[in-house]
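Trainee: Need a 3D model of the following:
(2 chains, ligands or ions: 3)
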2 protein chains.
Amino acid sequence: MASIRANARKILCIGRNYADHIAELSNARPKQPFFFLKPSSSILPPASGPVLRPTGVNLHYEVELALIMGKTVRDLDARDEKRAMDAIDGYAVAIDMTARNAQDEAKKKGLPWSIAKGFDTFLPLSNYLPKTAIPDPQNVELWLSVNHEMKQKDSTQLMLFPIPRILAEISQCMTLEQGDVVLTGTPKGVGSVVVGDVMKAGLRVDGKEVEEGRIEVE
Amino acid sequence: MASIRANARKILCIGRNYADHIAELSNARPKQPFFFLKPSSSILPPASGPVLRPTGVNLHYEVELALIMGKTVRDLDARDEKRAMDAIDGYAVAIDMTARNAQDEAKKKGLPWSIAKGFDTFLPLSNYLPKTAIPDPQNVELWLSVNHEMKQKDSTQLMLFPIPRILAEISQCMTLEQGDVVLTGTPKGVGSVVVGDVMKAGLRVDGKEVEEGRIEVE
Ligand SMILES: [Mg+2]
Ligand SMILES: [Mg+2]
Ligand SMILES: [Mg+2]
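Mentor: Ligands and ions are numbered 1, 2, ... in the order given. Next comes the predicted model:
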């Protein structure tokens, strides 16, 4: 699959899917998954330059496992795990960049999150990972470092809502189409970056780094 | 242009752009335009069936003038009206369907609007209108009726933020791409529809109905 960017019609992101991350932002624990949209124009493909910080923005990183949909599906049932997993074509590592101050203000005013989440370059992605690279997406270690200091490092086992539940919830609202990208939430350890900081992110399967899953971005 | 649906990578919607509509929902008047995303999967092309009401949803209509982008642009300047208007390829009439109770709850909880705005069939569109059909998009009468009763009927002259300002604001956050759709806000008169209600919407230029701009949907 050549280009995730070219094929993505929409990008859905789950919020608050790891308990320790909910605690660190003092958020309420959701009873059911909720999600928001990022525009495909926010995708920053591998080796295509730095993340751009809009003026006055407190820029936060959130490393996440991304699902690349291989089928067009709607009304998935969370209990039908096989159908949900069969609808996935592959994976990627993603950084859900967030204008945290803009998001905090939106939350306070009851306004949409689209601006805080949607700037150009706000979605650095790794290369495409075929399903064979990740035998069990619910048992992968995600990590992110800033200037060589490890900031996030947790297993996808910690997701509150596992992947079939996420895909069920989304597809009961809107049709998931081939090429759509689903971000599954970030573990604890989010924080700020400033211009010049170097972020690296990736994932490990059985303790081994998956080279194609590497992101390196300023 | 055959299909707005096929070409739309993203759909941006301006909130609160008509003073009387802000008042009817008891919202605060924004100092600058804000916007949110709808997924392209929510588009309901002409003559493709009814709007589907998700269980338990208070379904509201909002008639709007939609802009279809003809160029890929970023960082437009609100004062450069010519460049903004040149980036538009054509128009359509749109109904920004909204799960009002879900949106009210999202606003209260500081959650994203994506679910309330993003269900399948939540964006009925008219046929594509070439620019020649609308010599002045800031002087068009939008209307919407439910079961033959007129509910919305106002001029686009009443927009708080005119089109060049809207496009500037969006494109300073995210690149607007060819085929993207921009909804410019709804005038007063929004309200509920239930299953079986017939919505019609359209626009008038110099008092004359533009036939291609007609929407008729259950
Ligand atoms: Mg996130
Ligand atoms: Mg939103
Ligand atoms: Mg609207």
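Trainee: who in chain A is up against ligand 1?
Mentor: A:62, A:96, A:186 (CB under 5 Å from the ion). From N, CA and C alone the C-beta is placed, and that goes for glycine too.
Trainee: Count residues in the vicinity of the second one, would you?
Mentor: Just to be clear, that refers to A:Asp96. A:Asp96: 25 surrounding residues under other CB atoms under 10 Å in any protein chain shown.
Trainee: looking at it, A:Ala84 is touching A:Pro164, isn't it?
Mentor: Yes: contact criterion CB atoms under 8 Å: A:Ala84 and A:Pro164 qualify, at 3.8 Å.
Trainee: ok, those two, which is more surrounded?
Mentor: A direct count of neighbours by other CB under 10 Å for A:Ala84 and A:Pro164 places A:Ala84 higher, at 23 against 20.
Trainee: pretty sure that one is in a strand, no?
Mentor: No: applying DSSP: H, G, I helix; E, B strand; the rest coil, one finds A:Ala84 to be helix, outside a strand.
Trainee: and for A:Ala84 and A:Pro164, which residues touch both?
Mentor: Common contacts of A:Ala84 and A:Pro164, defined by CB atoms under 8 Å, 6 or more residues apart in numbering or on different chains, comprise A:76, A:78.
Trainee: Now the residues of chain A next to ligand 1 in CSV, please, with extra columns for distance to B:Asp75, pLDDT and secondary structure.
Mentor: As requested, these are arranged in CSV below (distance: CB to CB, whole Å; pLDDT from 0 to 100; DSSP: H, G, I helix; E, B strand; the rest coil):
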residue, distance to B:Asp75, pLDDT, secondary structure
A:Glu62, 26, 98, coil
A:Asp96, 23, 98, coil
A:Thr186, 29, 97, coil
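Trainee: What is the nearest of those to B:Val182?
Mentor: A:Asp96 (24.2 Å; CB to CB).
Trainee: which of the residues of chain A next to ligand 1 lies closest to B:Thr175?
Mentor: A:Asp96 (18.4 Å).
Trainee: Please name the nearest non-neighbouring residue to that closest one.
Mentor: Ranked by CB to CB, 6 or more residues apart in numbering or on different chains and with sequence neighbours excluded, the top spatial neighbour of A:Asp96 is A:Glu62, at 4.2 Å.
Trainee: lowest confidence element among the helices and strands of chain A?
Mentor: Within chain A, confidence by mean pLDDT, DSSP states H and E is lowest for helix A:19-24 among all helices and strands, at a mean of 88.
Trainee: Please name every helix or strand in contact with whichever helix or strand comes after that helix.
Mentor: Counting by DSSP states H and E, the element after helix A:19-24 in chain order, helix or strand, is strand A:34-38. Counting contacts by 3 or more CB pairs under 8 Å, 6 or more residues apart in numbering or on different chains; DSSP states H and E, strand A:34-38 packs against strand A:11-15, helix A:114-118, helix A:163-171, strand B:34-38, helix B:114-118.
Trainee: Name the residues of the last one that are buried.
Mentor: This means helix B:114-118. B:114-118 (16 or more other CB atoms under 10 Å in any protein chain shown).
Trainee: is it anywhere near ligand 3?
Mentor: No: using CB under 5 Å from the ion, helix B:114-118 stays clear of ligand 3, coming no nearer than 8.0 Å.
Trainee: about what we covered before: relative to ligand 2, which of the buried residues of helix B:114-118 is nearest.
Mentor: B:Ser114 (4.4 Å; CB to the ion).
Trainee: Would you check that that closest one makes contact with A:Gly15?
Mentor: No: B:Ser114 is beyond contact range of A:Gly15, at 10.0 Å (criterion: CB under 8 Å).
Trainee: of all of chain A, which residue lies closest to ligand 3?
Mentor: Counting by CB to the ion, chain A gets nearest ligand 3 through A:Pro112, at 11.1 Å.
Trainee: What helix or strand is that residue located in?
Mentor: Applying DSSP H and E, one finds A:Pro112 in no helix or strand.
Trainee: any idea of the pLDDT on it?
Mentor: Here, the pLDDT recorded for A:Pro112 equals 96.
Trainee: My understanding was that it contacts B:Pro30; is that so?
Mentor: No: using CB under 8 Å, A:Pro112 makes no contact with B:Pro30, being 11.8 Å away.
Trainee: Spit out the residues that contact those two alike.
Mentor: B:Gly15.
Trainee: Neighbour count: the two, which is higher?
Mentor: Per other CB under 10 Å, whichever of A:Pro112 and B:Pro30 has more neighbours is A:Pro112, with 27 against 16.
Trainee: ok, the closest residue to that one other than its chain neighbours - contacts?
Mentor: Leaving aside its sequence neighbours, A:Pro112 sits nearest to B:Phe36 (CB to CB, 6+ apart; 3.6 Å). Neighbouring residues of B:Phe36 by CB under 8 Å, 6+ apart: A:112, A:114, B:12-13, B:15, B:113-114, B:117.
Trainee: near ligand 2, from those residues?
Mentor: A:112, A:114, B:113-114.
Trainee: Serialize those to CSV and add fields for distance to A:Met69.
Mentor: Converted to CSV, the ones next to ligand 2 among the contacts of B:Phe36 look like this (distance: CB to CB, whole Å):
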residue, distance to A:Met69
A:Pro112, 24
A:Ser114, 21
B:Trp113, 23
B:Ser114, 17
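Trainee: where are the low-confidence patches of chain A?
Mentor: Scanning chain A for pLDDT under 70 picks out A:1-2.
Trainee: residue of it with the smallest distance to ligand 2?
Mentor: For chain A, CB to the ion, closest residue to ligand 2: A:Pro112, 3.6 Å.
Trainee: what's that residue in contact with, if anything?
Mentor: A:106, B:15, B:34-37, B:112-114.
Trainee: what's the answer for A:Ser40, then?
Mentor: Contacts of A:Ser40 by CB under 8 Å, 6+ apart are A:5, A:8-11, B:9-10.
Trainee: make it 10 Å
Mentor: Counting by CB atoms under 10 Å, 6 or more residues apart in numbering or on different chains, A:Ser40 makes contact with A:4-11, A:123, A:179-181, B:9-10, B:40, B:174, B:177.
Trainee: Likewise for A:Pro124?
Mentor: A:42-46, A:48-51, A:61, A:63, A:92-97, A:199, A:201, A:215-217.
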